[in-house]
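**Q** one predicted model, sequence on top.
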Amino acid sequence: MKVIAINSSPRTSGNTYLLLNETMKVLAQEGIETELVNIGGRTFSGCRACGWCFGAGKGKLRCVIEDGMNEVIGKAVAADGLLLGSPTYFADVNAEMKCFIDRAGYVTRANGQVLTRKVGAGVVAVRRAAGMRTFETLNAFFLINGFVVPGSTYWNIGYGREQGEVLKDTEGLDTMRNLGANMAWLLKKIHS
């Protein structure tokens, strides 16, 4: 079994990464392979609503835009589980995560809902407030695409502004570890 963790923060080793890493450590301890994919700071185009993925591109599992997002979508499709990690920008996910959500959502839905019944969870880094909307955006992606979403002991949010500051949020770190344990349990149940 494999879980892909997509980090949309341009700070590739910042707070979002640190929260994802806590979850991935537990998954690895449970024998589940993990891979981190950094999309933050890369230049991706947003969905153009051109319909290519539902028309000429149907069956190809690709977006017509060739900017590297197709490789990320491919990794998500091939995985058994998906962690989406986003910082909170103006009360929501950042642009790179929104790009992934829109383009992966269209491409996979145009190709038979290929993400259905995978395990998915969102992880959010926030300075102070507005992390819930970010978390809700990630969960909306999972739910519309038929993912099975595990819970934790609190919302999957860690607090910190400066790089590394989330490491002081002990409740946030415990939440990420519990998320990893619950995600591993669920993956094992589904694949047994």
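**A** That came through fine.
**Q** which elements pack onto the top helix by length along the chain?
**A** Across the chain, the longest stretch assigned as helix under DSSP state H is helix 170-190. Helices and strands touching helix 170-190, by 3 or more CB pairs under 8 Å, 6 or more residues apart in numbering; DSSP states H and E, are helix 15-29, strand 81-87, strand 119-126, strand 157-159. For glycine as for every other residue, the C-beta is placed from the backbone atoms N, C-alpha and C.
**Q** in CSV, list the ones you listed along with distance to Y106.
**A** Formatted as CSV, those follow (distance: least, CB to CB, whole Å):
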stretch, distance to Y106
helix 15-29, 24
strand 81-87, 16
strand 119-126, 17
strand 157-159, 27
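**Q** how about those, which one is nearest G172?
**A** Evaluated over the helices and strands packed on helix 170-190, closeness to G172 peaks at strand 157-159, with 3.3 Å, by CB to CB.
**Q** which residues touch that closest one?
**A** Here strand 157-159 makes contact (CB atoms under 8 Å, 6 or more residues apart in numbering) with 15, 18-19, 123-128, 131-132, 134-135, 165-166, 169, 172-173, 175-176.
**Q** so how far is that strand from its chain's centroid?
**A** 15 Å (CA atoms, centre = their mean, to the nearest Å).
**Q** cool, and stretch 106-125?
**A** The mean C-alpha position of stretch 106-125 is separated from the chain mean by 9 Å, CA atoms, centre = their mean.
**Q** in it, what counts as buried?
**A** 106-111, 114-115, 118-125 (16 or more other CB atoms under 10 Å).
**Q** what do you get for stretch 179-192?
**A** So for stretch 179-192, counting by 16+ other CB under 10 Å, buried means 179-184, 186-187.
**Q** mind showing which ranges of the chain have poor pLDDT?
**A** Within the chain, no stretch has pLDDT under 70.
**Q** mind listing what the residue nearest to the spatial centre of it touches?
**A** Nearest residue to the geometric centre of the chain (CA atoms, centre = their mean): L84, 1.3 Å. Counting by CB under 8 Å, 6+ apart, L84 makes contact with 6, 8, 97, 100, 120-123, 138, 141-142.
**Q** next, count neighbours for E171.
**A** Using other CB atoms under 10 Å, E171 has 12 other residues around it.
**Q** now swap in G57 and tell me
**A** So G57, with other CB under 10 Å, has 18 neighbours.
**Q** and the angle for whichever strand or helix holds E136 with strand 81-87?
**A** In this structure, E136 is located in helix 131-144 according to DSSP states H and E. For helix 131-144 against strand 81-87, the angle by axes from the mean of the first three to the mean of the last three CA atoms, to 10 degrees is 150 degrees.
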